[in-house]
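Q: predicted model and sequence below, questions to follow.
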Amino acid sequence: MIHQNSPLAQKIVLISMILCCSGGWAGAQKTWVVCPDCPTPQIRQAITLAAPGDRIEIQTGDYHETNLVIDKPLHLQGIGQPVLHGETGNEIMIIASDSVRIEGLHFQSVPRSHLKDLAALRVQRKQHFIIRDNTFDDTFFAIYLEHAQYGEIENNRITGRAVTENSSGNGIHAWYCENLCIANNQVARHRDGIYLEFVNNSDITGNYSTGNIRYGLHFMFSNDNQYEHNTFRDNGAGVAVMFSKRINMRSNLFDHNWGRSSYGLLLKEIYDAEITENLFSNNTIAIHLEGAGRISYQHNTLERNGWAVRISGGCVENRFSDNKFLHNTMDVVLNGRMNDNSLAGNYWSEYTGYDLNHDGRGDIPFRPVKLFSYVISQAPESILLLRSLFIDLLNFSEKVNPAFTPADLTDPSPLMQAL
């Protein structure tokens with residue numbers, strides 16, 4: 001029996017609703033064609049004339065129409081990527097009805113505002129919508145969802161012109177939403193590529209988020225969500241997760257999120273999560289934990305990062321197993337000597353132990369926390385000594401007789417080979 005609140009049940013409900021709505025669109029009563037030489041040369045005119053369930057086919061061209069309100073179930077289909085231009089102080093399109101489908105349109109140039117979050121496409125308190133195969137170029141906020149449910153945002157290309165955080169909006173912005181599918185979108189050069197706040201029971205899959213000023217993905221107070229097969233590259237920081245529960249992040253790539261305080265993945269006040277099969281490569285800090293607990297980290301690869309895992313205060317019952325730590329400057333950094341986290345059965349490229357019984361696991365434990373990491377936390381400028389002989393001697397002395405690093409944070413059974 002499938003529990004009604006399980007992720008599988010939620011996906012079944014979402015798919016069923018979308019199929020139901022798609023069936024309604026397939027039986028649309030009429031197709032309205034919009035083009036400069038057509039009887040309906042304006043999109044607004046076609047929306048007014050169309051009946052619920054009709055299809056509006058917008059031919060290639062430039063359309064200078066804003067504040068287009070879709071107030072009935074309609075399917076808007078662009079042919080040849082027709083361009084909808086924004087104007088000062090206006091949004092381009094607002095979905096104000098259930099069961100609306102927007103495809104193949106090019107939204108261009110929504111102006112920046114310090115008073116309102118202007119968006120190219122806004123969904124207000126509606127459900128069963130599809131936003132697919134559209135292009136958003138130089139829009140302040142591209143897609144803005146508020147109190148929306150059962151929606152699909154798929155295969156859109158979203159490119160902003162963000163320069164500073166204060167003067168830029170988010171690519172996909174969702175606030176108080178449920179049961180969303182955000183899949184296979186390309187988002188670049190916004191403040192946050194994807195921003196979720198109070199968004200539950202949703203799937204974020206296959207997105208490519210790059211070159212955003214703050215975060216590739218930023219979500220807060222958002223529970224029971226799945227994040228799979230996404231790429232977060234060259235952002236101010238890859239992903240920030242705050243004040244959320246029961247999240248599953250699997251098979252994502254966190255790559256080249258590099259800077260003075262950049263993270264591949266920042267976890268703050270997160271509980272009961274699973275972080276599995278992800279690749280963290282070339283980040284300043286691959287994973288930073290702050291007040292995060294009861295999280296399972298399995299089968300992740302952390303390679304060539306500055307800090308692979310940095311654990312701050314209030315982090316309890318985190319479990320790291322079957323992960324690969326490859327050629328990081330520091331594998332694990334723990335601020336403080338109190339520890340309630342475990343490392344077991346990971347592969348460490350710096351491990352120099354032996355395996356006399358040939359069971360594939362080292363016979364002596366590995367201590368990943370170095371004294372130098374403690375020194376850096378007290379005096380950051382000491383990073384200049386990183387590759388010196390003095391630091392090697394310092395770390396060796398602490399390994400022989402631990403005085404500053406937690407004696408219980410060891411991997412008792414390190415893997416001899418990276419599997």
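A: On my side now, so go ahead. Numbering: from 1, shown residues only.

Q: put the alpha carbons of stretch 356-372 into PDB.
A: What follows is stretch 356-372, C-alpha atoms only, in PDB (Å, rounded to 0.1, in the frame of the first residue of the first chain):
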ATOM      1  CA  LEU A 356      47.100  -7.100   6.500                       C
ATOM      2  CA  ASN A 357      44.000  -9.200   6.400                       C
ATOM      3  CA  HIS A 358      43.100  -8.100   2.900                       C
ATOM      4  CA  ASP A 359      39.400  -7.300   3.700                       C
ATOM      5  CA  GLY A 360      39.600  -4.000   1.800                       C
ATOM      6  CA  ARG A 361      39.600  -1.900   4.900                       C
ATOM      7  CA  GLY A 362      42.600  -0.300   6.700                       C
ATOM      8  CA  ASP A 363      43.700  -1.900   9.900                       C
ATOM      9  CA  ILE A 364      44.400   1.400  11.600                       C
ATOM     10  CA  PRO A 365      41.900   4.300  11.900                       C
ATOM     11  CA  PHE A 366      42.300   7.400   9.900                       C
ATOM     12  CA  ARG A 367      42.200  10.800  11.600                       C
ATOM     13  CA  PRO A 368      40.900  13.400   9.000                       C
ATOM     14  CA  VAL A 369      41.000  16.400  11.200                       C
ATOM     15  CA  LYS A 370      44.300  18.100  11.100                       C
ATOM     16  CA  LEU A 371      45.700  20.500  13.700                       C
ATOM     17  CA  PHE A 372      46.400  23.000  11.000                       C
END
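
Q: how far is it from where the chain is centred?
A: Its chain's C-alpha centre and that of stretch 356-372 lie 34 Å apart, by CA atoms, centre = their mean, to the nearest Å.

Q: one more: stretch 86-105?
A: Relative to its chain's centre, stretch 86-105 lies at 24 Å (CA atoms, centre = their mean).

Q: what comes up buried for it?
A: Judged by neighbour count using 16 or more other CB atoms under 10 Å, the buried positions of stretch 86-105 are 86, 91-95, 97, 99-105. Using the backbone N, CA and C atoms, a C-beta is placed for each residue, glycine as well.

Q: quick check: phi and psi at Ile47.
A: phi -60, psi -40 (degrees, to the nearest 10).

Q: scratch that, Gln45 is what I was asking about
A: Dihedral angles (degrees, to the nearest 10) for Gln45: phi -60, psi -40.

Q: ok, now which ones touch it?
A: Val34 (CB atoms under 8 Å, 6 or more residues apart in numbering).

Q: repeat that for 6 Å
A: Residues counted as contacts of Gln45 (CB atoms under 6 Å, 6 or more residues apart in numbering): none.

Q: pretty sure Met242 sits against Leu266.
A: No - using CB atoms under 6 Å, Met242 is not in contact with Leu266, being 7.9 Å away.

Q: which one's more surrounded, the two?
A: The neighbour count for Met242 versus Leu266, taken as other CB atoms under 10 Å, is higher for Leu266 (24 against 18).

Q: quick one: residues contacting Ile143.
A: Leu121, Ile172 are the contacts of Ile143 under CB under 6 Å, 6+ apart.

Q: now do the phi/psi pair for it.
A: According to degrees, to the nearest 10, Ile143 has phi -120, psi 120.

Q: tell me, what's the model's pLDDT at it?
A: What the model reports as pLDDT for Ile143 is 98.

Q: circling back: farthest pair in the buried residues of stretch 86-105?
A: Largest separation among the buried residues of stretch 86-105 by CB to CB: Gly86 and Ser99, giving 25.4 Å.

Q: so after the worst-scoring helix or strand of the chain on mean pLDDT, what's the next helix or strand?
A: For the chain, counting by mean pLDDT, DSSP states H and E, helix 7-26 ranks last in confidence among helices and strands (a mean of 46). Downstream of helix 7-26, the next assigned helix or strand under DSSP states H and E is strand 31-34.

Q: follow-up on the earlier one: which of the buried residues of stretch 86-105 lies closest to Asp355?
A: Glu103 (57.4 Å).

Q: and that closest one, bridged to which residues?
A: Taking DSSP bridges as the rule, Glu103 bridges to Gln77, Arg132.

Q: contact partners for it?
A: By CB under 6 Å, 6+ apart, the neighbours of Glu103 are Gln77, Arg132, Asp133.

Q: right, and Lys324 touches Ala418 too?
A: Yes - counting by CB under 6 Å, Lys324 touches Ala418, with 4.9 Å between them.

Q: among these two, which residue is more densely surrounded?
A: Residue environment comparison for Lys324 versus Ala418 gives the larger neighbour count to Lys324, 19 against 14, counting by other CB under 10 Å.

Q: report pLDDT for the more buried one.
A: Predicted confidence (pLDDT) for Lys324: 98.

Q: how close does it get to Asn212?
A: Separation of Lys324 from Asn212 (CB to CB, to the nearest Å): 28 Å.
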